[in-house]
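Visitor: model this:
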Amino acid sequence: MSITKLKDPIISVSGVRGQVGISLDARTITRFAMAFGTLVRGKTVVIGRDSRSSSPMIRHAVLAGLFATGCHVIDVGICPTPTVLIIAKHLNAAGSITITASHNPVEWNGIEFASQAGELLTQTERNELMSIYETETFAIATWDKLGTIEEYKNPTVHHLTQILNSQWLDADLVRDAKLKVALDCGNGAGCVISPSLLRKLGCEVVEINCVLDGNFNRPAEPTPDALSQLCETVLKTDADIGFAHDGDADRVVVVTDSGIPLSGEWTLAFVTDFILNKIKGNIVATVITSRMIDDIAAKHGVSLHRTKVGVGWVVEKMHEVNAVIGGEGTGGVIYPSLNYTTDGIASIAAIVQSLAESKCTVTELVDSMPKYEMCRKKVEIPSQEVASKLVELALKEYEEEYTSTRKSAQHLDLTDGIKCIWDDHWINIRKSGTEPVVRVFSEAPTVTQAEELCNREVDRLQTLMKQINL
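Guide: Okay, the predicted model is just below:
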């Protein structure tokens with residue numbers, strides 16, 4: 001065993017993440033848990049975890065910090081992130097901590113914080129949490145006032161009940177459709193709930209990677225490239241649709257009846273179009289979400305509001321504009337009627353309801369929607385500090401290129417990183433909040449155009465990297 005200095009974890013709008021033993025350890029987790037216990041004044045906190053092999057270690061570190069600050073802990077065990085937050089809201093807890101790294105690779109882990117309302121922390125709450133953490137002004141309990149713990153049995157029951165009672169769901173109609181569904185939970189937390197939901201809706205379920213053994217078998221992020229097994233299963237079993245979760249099931253993506261994997265952009269598009277047929281109202285999406293959402297908003301005559309990347313930002317804007325639906329192009333959709341957090345399980349219900357109502361195949365739903373091609377690339381960087389410098393250098397070039405010389409960019413949007421928008425395409429450069437990378441996104445009418453845009457910006461960033469003293 002070698003002794004090395006730990007790198008800094010990544011702190012984002014949702015919480016803290018890092019590679020276990022490299023940029024994340026028990027000490028860091030315990031300090032953050034103590035800070036959170038101080039923030040909630042030693043009251044009740046719900047905790048849950050995903051199926052990663054490192055999650056039990058993180059759980060003990062979380063418990064130590066919460067016990068030290070006098071919190072009563074309600075442990076829901078292995079659960080999807082949306083289930084943890086829904087239970088916290090149901091029990092009127094002071095907050096919750098979910099142990100997960102969501103879509104990050106299996107060697108990563110982290111903790112996500114939520115407030116009393118079962119929502120991610122507000123900016124004010126995040127600032128206060130970080131201040132407590134950095135100054136170590138913890139409210140330490142005395143020996144006779146240390147925290148306690150209880151287990152909450154069958155937490156998914158309440159979550160399932162909430163979904164099945166949703167006003168937009170007609171369970172009998174779905175049952176009558178007798179859909180066959182292939183489901184890939186990636187051996188993550190979705191295993192404990194999504195198969196049950198589909199069976200309650202009368203679907204025939206073909207399960208793959210639905211074992212809680214801590215081995216994901218495929219990348220935790222369900223990108224199209226990671227879903228070859230699901231695509232083959234859909235075709236081999238003649239399934240009507242395939243679904244795939246990330247590690248904590250706050251996201252879901254779709255494989256068509258033709259065995260074609262779709263990006264998470266389609267999840268938000270399908271659900272938004274479906275919900276707006278039921279309830280008219282505003283939409284909220286991030287700056288890097290596909291312009292399919294613009295077209296859907298125009299179709300239904302509603303307003304679309306865009307935010308920084310991150311569920312917390314989307315939720316804050318949804319409250320502000322009283323939105324009826326919101327989310328990210330990652331496959332994460334927020335249903336205000338359930339809870340203000342992305343919920344991949346609810347999205348499964350919404351999409352099968354849409355299929356049952358429309359009597360369309362997934363392929364036909366895809367064909368009915370406007371299509372754009374998106375390209376996503378990333379530039380590896382040694383630290384978040386370098387990422388910030390790199391984006392600053394890129395911004396200087398863009399401001400000179402598109403503002404001073406008044407080139408063809410229609411709009412320069414600095415909501416999150418740099419987004420240059422033209423009539424039929426756009427590019428975005430931003431540092432990631434969950435990985436040590438700078439992300440480059442582009443969208444255009446064709447694959448070739450989108451890739452050319454992305455490659456051009458990656459080349460630009462790699463050239464600018466040479467100006468930074470690493």
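Visitor: Would you mark the buried spots in stretch 127-145?
Guide: Neighbour-count burial for stretch 127-145 flags L129, I132, Y133, F138, A139, A141 (criterion: 16 or more other C-beta atoms under 10 Å). Yep, even glycine has a C-beta here, placed from its N, CA and C like the rest.
Visitor: tell me the pLDDT at the third one?
Guide: It refers to Y133. The model reports Y133 with a pLDDT of 96.
Visitor: How much space separates the nearest residue in space to it that is not next to it in sequence from S263?
Guide: Nearest-residue entry for Y133: A35, 4.0 Å, with adjacent residues in sequence omitted and distances by C-beta to C-beta, 6 or more residues apart in numbering. Taking C-beta to C-beta, to the nearest Å as the measure, A35 falls 36 Å from S263.
Visitor: which one of these two has more residues nearby?
Guide: Ranked by neighbour count (other C-beta atoms under 10 Å), A35 and S263 place A35 first, with 24 against 19.
Visitor: is it true that that one lies in a helix?
Guide: Yes - counting by DSSP: H, G, I helix; E, B strand; the rest coil, A35 is part of a helix.
Visitor: was I right about T30 contacting A64?
Guide: Yes - taking contacts as C-beta atoms under 8 Å, T30 lies within contact range of A64: 5.0 Å.
Visitor: So which of these two has more stuff around it?
Guide: Using other C-beta under 10 Å, the more surrounded residue of T30 and A64 is T30, with 20 against 16.
Visitor: How about the contacts made by the residue nearest to Y133?
Guide: G65, L129, M130, I132, Y133, F138 (C-beta atoms under 8 Å, 6 or more residues apart in numbering).
Visitor: Now with 7 Å, please.
Guide: L129, I132, Y133, F138 (C-beta atoms under 7 Å, 6 or more residues apart in numbering).
Visitor: Closest to D423 out of the residues you listed?
Guide: When the contacts of A35 are ranked by distance to D423 (C-beta to C-beta), L129 comes first, at 42.4 Å.
Visitor: element containing the closest one, please.
Guide: helix 123-135 (DSSP states H and E).
Visitor: Could you do V46 as well?
Guide: strand 44-49.
Visitor: The stretch 351-470 of the chain: helices as residue ranges?
Guide: Assigned by DSSP state H, counting those that start in this stretch, the helices in the stretch 351-470 of the chain fall at 362-367, 384-398, 447-465.
Visitor: would you list every one of the helices in the stretch 151-300 of the chain?
Guide: Under DSSP H, counting those that start in this stretch, the stretch 151-300 of the chain gives helices at 155-164, 171-177, 194-200, 228-237, 264-278, 292-300.
Visitor: Pick the most buried one from the ones you listed.
Guide: Stretch with highest mean neighbour count among the helices of the stretch 151-300 of the chain: helix 264-278 (a mean of 23; mean count of other C-beta atoms under 10 Å).
Visitor: Report all helices and strands that that one contacts.
Guide: strand 252-255, helix 292-300, strand 325-327, strand 333-335, helix 344-358 (3 or more C-beta pairs under 7 Å, 6 or more residues apart in numbering; DSSP states H and E).
Visitor: quick check: angle from that helix to helix 292-300?
Guide: Between helix 264-278 and helix 292-300, the angle comes out at 10 degrees (axes from the mean of the first three to the mean of the last three C-alpha atoms, to 10 degrees).
Visitor: Could you report the neighbour count for L179?
Guide: By other C-beta under 10 Å, the residues close to L179 number 19.
Visitor: got any ranges where this protein has weak pLDDT?
Guide: Applying pLDDT under 70 to the chain picks out residues 1-4, 402-410, 470.
Visitor: Tell me which residue of it is furthest from the middle?
Guide: Most distant from the centre of the chain: D144, at 39.4 Å, with distances by C-alpha atoms, centre = their mean.
Visitor: got the contact list for that one?
Guide: Under the criterion of C-beta under 7 Å, 6+ apart, D144 has no neighbours.
Visitor: secondary structure class for it?
Guide: Three-state assignment for D144 (three-state DSSP): helix.
Visitor: Tell me how far it lies from G70.
Guide: 10 Å.
Visitor: ok, back up a step: of the contacts of A35, which is the nearest to V302?
Guide: L129 (34.4 Å).
Visitor: my guess is that closest one contacts L39, does it?
Guide: Yes - under the criterion of C-beta atoms under 7 Å, L129 is in contact with L39, at a separation of 5.2 Å.
Visitor: Run through the bridge partners of the nearest residue to E328 once chain neighbours are set aside.
Guide: Distances taken as C-beta to C-beta, 6+ apart place T286 nearest to E328, at 5.2 Å, with adjacent residues excluded. Beta-bridge partners for T286, by DSSP bridges, are T307.
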